[in-house]
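A.B. asks: 3D, please:
(one chain, ligands or ions: 2)
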Amino acid sequence: MAILVTGGAGYIGSHTLIEVCDAGEDVIVVDNLSTGFKEAIDSRAKFLQGDIGDQAFMQRVFEDHSIEAVIHFAGSVIVPESVENPLLYYRNNTENTRQMIEHCVTHQVKKFIFSSTAAIYGMPEECPVDETYQRNPISPYGHSKSMSELMLEDASKAYDFNFIALRYFNVAGADPMGRTGQSTKNATHLIKVACEAALGYRDELLIFGSDYDTSDGTCIRDYIHVSDLAAAHLCALSALRKTAQSEIINCGYGTGYSVLEVLSTVKKVSGVDFNTRFTDRRAGDSPQVVAKCSKIHEHLDWIPKYNNLSLIVEHAIEWERKIRSSAP
Ligand SMILES: NC(=O)c1ccc[n+]([C@@H]2O[C@H](COP(=O)([O-])OP(=O)(O)OC[C@H]3O[C@@H](n4cnc5c(N)ncnc54)[C@H](O)[C@@H]3O)[C@@H](O)[C@H]2O)c1
Ligand SMILES: O=c1ccn([C@@H]2O[C@H](COP(=O)(O)OP(=O)(O)O[C@H]3O[C@H](CO)[C@H](O)[C@H](O)[C@H]3O)[C@@H](O)[C@H]2O)c(=O)[nH]1
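C.D. replies: Ligands and ions are numbered 1, 2, ... in the order given. Okay, the predicted model is just below:
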């Protein structure tokens, strides 16, 4: 039986594909290449280009293949874009996830791994934040994922269907062997943007806010290496095979770094003192988001290998160098 991976041409999906293919699984990828890249898809996987919202196409995918589990990455991921165009996010994230769940229920696919996000917590009053903390998103993106989690919970109660929703904290870095990485156009994520500045592809990096109630006045986040996150998906698949129990699980390391600490690490690792400038706070930024990580260690056989900010940055820079040197 095969594992269906939606969004396997994207940043996190392409790293997870490597893990799942390395484990000897049969893998089918569905991706519409809206933000993903065909060359990022592991050649061992079967690629079907199409949109998960295309009912007829997805019906065929489920009918033509014997699918054991779905790992569902496909979605729209840019928070400010979700504020400008919320209906796009409710369609691509919420509505399309509902359809994916329905396809699974119809075709007796009982295992579902879902890409959720720490954006579900909004501005948590306690840090580190655990999975029992209320859902309190502050953006349409966060709402679209929160509604997806609710649908998964309800569906798992009503049908013979189990899920693990992994709530990713701040994902960064790249495959240590340089096989894939973050190639996203017009990226906004701090470590990616800082690497672009370090390599001279941005004149300066803007620091959003200097007056937060944190140690140095800048926001604090929990940065997780994308390859460790990818490995967590394989662990989630094993857990669903073993226990058929639905869970929502934070994916972070439980350590917070401020924006200034991240920038100083990027400068140190790259050896480049690129320009930075303080500017106003960015709307919707929470002062501090750090994961409580006991649940992932209790429920999954997950042993992170890259829990080291310098290593995350090193891999991110290596990937940035690689894509820039091969760009036409
Ligand atoms: N990157 C992060 O920091 C982060 C944090 C939390 C959660 N997530 C979630 O992880 C998942 C993957 O994010 P990513 O960073 O790899 O983003 P990405 O944009 O690199 O990957 C998304 C992939 O899905 C595909 N896709 C989008 N809509 C589709 C559709 N309708 N049909 C078929 N394919 C479609 C895109 O082409 C792309 O390959 C998303 O669901 C996102 O919400 C990401
Ligand atoms: O050029 C930049 C980019 C970012 N930042 C700051 O760096 C921190 C991290 O910002 P990112 O944009 O890298 O990430 P976010 O924390 O905003 O959001 C990311 O992590 C969230 C979980 O915490 C969700 O998963 C969300 O989907 C994902 O984009 C924030 O304080 C932001 O203000 C800057 O100062 N300058």
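A.B. asks: From here on, just use CA atoms for contacts and neighbour counts.
C.D. replies: Noted.
A.B. asks: Around ligand 1, pick out the residues from the stretch 151-300 of the chain.
C.D. replies: Residues of the stretch 151-300 of the chain found near ligand 1, taking C-alpha under 6 Å from any ligand atom as the criterion, are 168, 169, 170, 171.
A.B. asks: 5 Å instead, please
C.D. replies: For the stretch 151-300 of the chain, the residues in contact with ligand 1 under the definition C-alpha under 5 Å from any ligand atom are 168, 171.
A.B. asks: Show me where the stretch 151-300 of the chain has its helices.
C.D. replies: When secondary structure is read from DSSP state H, counting those that start in this stretch, the stretch 151-300 of the chain shows helices at 190-198, 226-243, 259-270, 294-299.
A.B. asks: Residue 181 is in contact with residue 174, isn't it?
C.D. replies: Yes - when contacts are counted by C-alpha atoms under 8 Å, residue 181 is listed as touching residue 174 (4.4 Å).
A.B. asks: Identify the contacts common to those two.
C.D. replies: Common contacts of residue 181 and residue 174, defined by C-alpha atoms under 8 Å, 6 or more residues apart in numbering, comprise 316, 319.
A.B. asks: can you give me the end-to-end distance of stretch 149-168?
C.D. replies: 13 Å (C-alpha to C-alpha, to the nearest Å).
A.B. asks: swap in stretch 79-89?
C.D. replies: Separation of the first and last residues of stretch 79-89 by C-alpha to C-alpha is 9 Å.
A.B. asks: that older thread, please identify the most buried of the helices of the stretch 151-300 of the chain.
C.D. replies: Comparing the helices of the stretch 151-300 of the chain on average neighbours per residue, with mean count of other C-alpha atoms under 10 Å, the densest one is helix 190-198 at a mean of 23.
A.B. asks: Residues touching that helix, excluding its own?
C.D. replies: 172-173, 182, 187, 202-205, 259, 262-263, 266-267, 270, 272-275, 313, 316-317, 320.
A.B. asks: same deal with stretch 28-40?
C.D. replies: Outside stretch 28-40, the residues touching it (C-alpha under 8 Å, 6+ apart) are 2-11, 14, 45-52, 74, 179-180, 184.
A.B. asks: Ligand 2 contacts on the chain?
C.D. replies: 117, 118, 119, 169, 170, 189, 190, 207, 208, 219.
A.B. asks: mind putting those residues in CSV, distance to residue 147 and pLDDT included?
C.D. replies: Shown next, in CSV, are the residues of the chain next to ligand 2 (distance: C-alpha to C-alpha, whole Å; pLDDT from 0 to 100):
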residue, distance to residue 147, pLDDT
117, 12, 98
118, 14, 98
119, 12, 96
169, 18, 98
170, 21, 98
189, 24, 95
190, 27, 97
207, 31, 98
208, 29, 98
219, 27, 97
